[in-house]
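1. I'd like to go over a predicted model; first the sequence, then the structure.
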Amino acid sequence: MIDEKKKMTAQGSSVGADDGQSISKIYENSIPTSGQKGNDEIVNSQDSLEEMYRKIQRMTEYFVESSDMGKLYLNYPMVEAFYHMHDIPDAHFNKYFATQEELSNGTYKQRVNQENRNRNYTKFAVTKEECNAVIQQNIEKARWLCNVPDGIPDEISILSAELRYWEQQMISVLCTCVFYIPEYDPKLII
């Protein structure tokens, strides 16, 4: 019985992994160690932005399928972007940006809490229709940012568009983790 289980188990693969190279071997030093610069020290360095872009691009090439090895979704500037709407739907959503100063000072989350529809995350999008509207607005904003007419823009196109704003000391508010739902099953948001 033990020999049969060994035959059925992929050699050298971790649970859930394909036969590709381990992620730990591909992406080393993603978190600063002693002597390295942290994110707050490198945000405006052009070399650092280019290096981060290359790292993220490699990660998006590896994490491409949510049902396999996972998919990388980048929220701009963070997951609170999901709640950053005055109304559902919000006619002004494409105009929402976070400044680098807000992010450095740690005040963006407070701003979202003050500006979101109910000033309470637990009461934000409480029906399927409201959740669908939030998802749809984020998809439409991603299309607007990337200047594409339909579909969901890929992560690198979104990142490139966001970096153009970052050079202007701001970032466009966008929650891409909600793209999982229409990518998994588009009928869920109809």
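-> All right, it came through fine.

2. Poorly predicted segments of the protein, please.
-> For the chain, the stretches with pLDDT under 70 are 1-47, 49, 190.

3. Show me what the longest helix that it contains is packed up against.
-> The residue-count maximum for a helix in the chain (DSSP state H) belongs to helix 128-146. When contacts are defined as 3 or more C-beta pairs under 8 Å, 6 or more residues apart in numbering; DSSP states H and E, helix 128-146 sits against helix 155-166, helix 180-184. Any C-beta I mention is one placed from the backbone N, CA and C, and that applies to glycine too.

4. most packed of the ones you listed?
-> Neighbour counts (mean count of other C-beta atoms under 10 Å) averaged over each of the helices and strands packed on helix 128-146 peak at helix 155-166, with a mean of 17.

5. by how many degrees do that helix and helix 128-146 diverge?
-> Calculated by axes from the mean of the first three to the mean of the last three C-alpha atoms, to 10 degrees, helix 155-166 forms an angle of 70 degrees with helix 128-146.

6. helices or strands up against helix 155-166?
-> Applying 3+ C-beta pairs under 8 Å, 6+ apart, one finds that helix 155-166 contacts helix 46-62, helix 128-146, strand 170-172.

7. Of the ones you listed, which is nearest D185?
-> Nearest to D185 among the helices and strands packed on helix 155-166 is helix 128-146; the distance by C-beta to C-beta comes to 12.1 Å.

8. what's near enough to touch F124?
-> Residues in contact with F124 (C-beta atoms under 8 Å, 6 or more residues apart in numbering) are F82, Y83, M85, I88, N116, R117, N118, E130.

9. Including secondary structure, could those residues go into CSV?
-> As requested, the contacts of F124 are exported to CSV (DSSP: H, G, I helix; E, B strand; the rest coil):
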residue, secondary structure
F82, helix
Y83, helix
M85, coil
I88, coil
N116, coil
R117, coil
N118, coil
E130, helix
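
10. just those residues now: which is nearest V178?
-> For the contacts of F124, the closest approach to V178 (C-beta to C-beta) belongs to F82, at 6.6 Å.
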